[in-house]
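> Give the three-dimensional model of this entry:
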Amino acid sequence: MDDRTMRNSFYLKLCILLVFGVIWCMYNRLIPETYQVTWLKCPFKQLTHLPCPACGTTRGMLALLHGDFSKALLSYNALCVVELPLLLLTTLWLSFDIITNHNVLYHAWVRLSACLSRKLVLIPILSVIAFNWIWNLLKDL
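Numbering: from 1, shown residues only. Predicted coordinates:
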């Protein structure tokens, strides 16, 4: 696949994901502050009865959307504080690229992918995820 096809595929997939993510955030901002998503279950937790590294992230995002920062960080998955700003930043960056007809986000993604393949970068990130997972297990999330 040539670079143009890969870039277009990247932007199309990202647009679809962001549209769903933004719609999900807007919808959930309007529902009551229950933070209980009954229709979405973690397959890992269903099989093992243990929380996965991402368990509680959805509830944490809901808590953040309703301004309940302490509950998002302490009761649910702390990684949710990365998701909301990342969703906003990526949406704005993608919009900029589309409006200005640039490929800045795509090139940043290519550089980030290359950076994440290095052990010096990947090991600390995986360590943070593992620490968060242990914390989720201790909280009995």
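
> which regions of the chain sit below the pLDDT cut-off?
1, 28-29, 31-40 (pLDDT under 70).

> 80 - rerun?
1-3, 21-22, 24-42, 58, 84, 140-141 (pLDDT under 80).

> Looking at it, which helix is longest?
When the chain is parsed with DSSP state H, its longest helix is helix 3-30.

> Give me the next element, helix or strand, following that one.
On the C-terminal side of helix 3-30, the nearest following helix or strand under DSSP states H and E is helix 43-48.

> I'd like to know which elements the helix or strand just after that next one is packed against.
Remark: after helix 43-48, the chain's next helix or strand is helix 57-65, criterion DSSP H and E. The helices and strands touching helix 57-65, judged by 3 or more CB pairs under 8 Å, 6 or more residues apart in numbering; DSSP states H and E, are helix 3-30, helix 80-100. In short, each C-beta sits where N, CA and C put it, glycine included.
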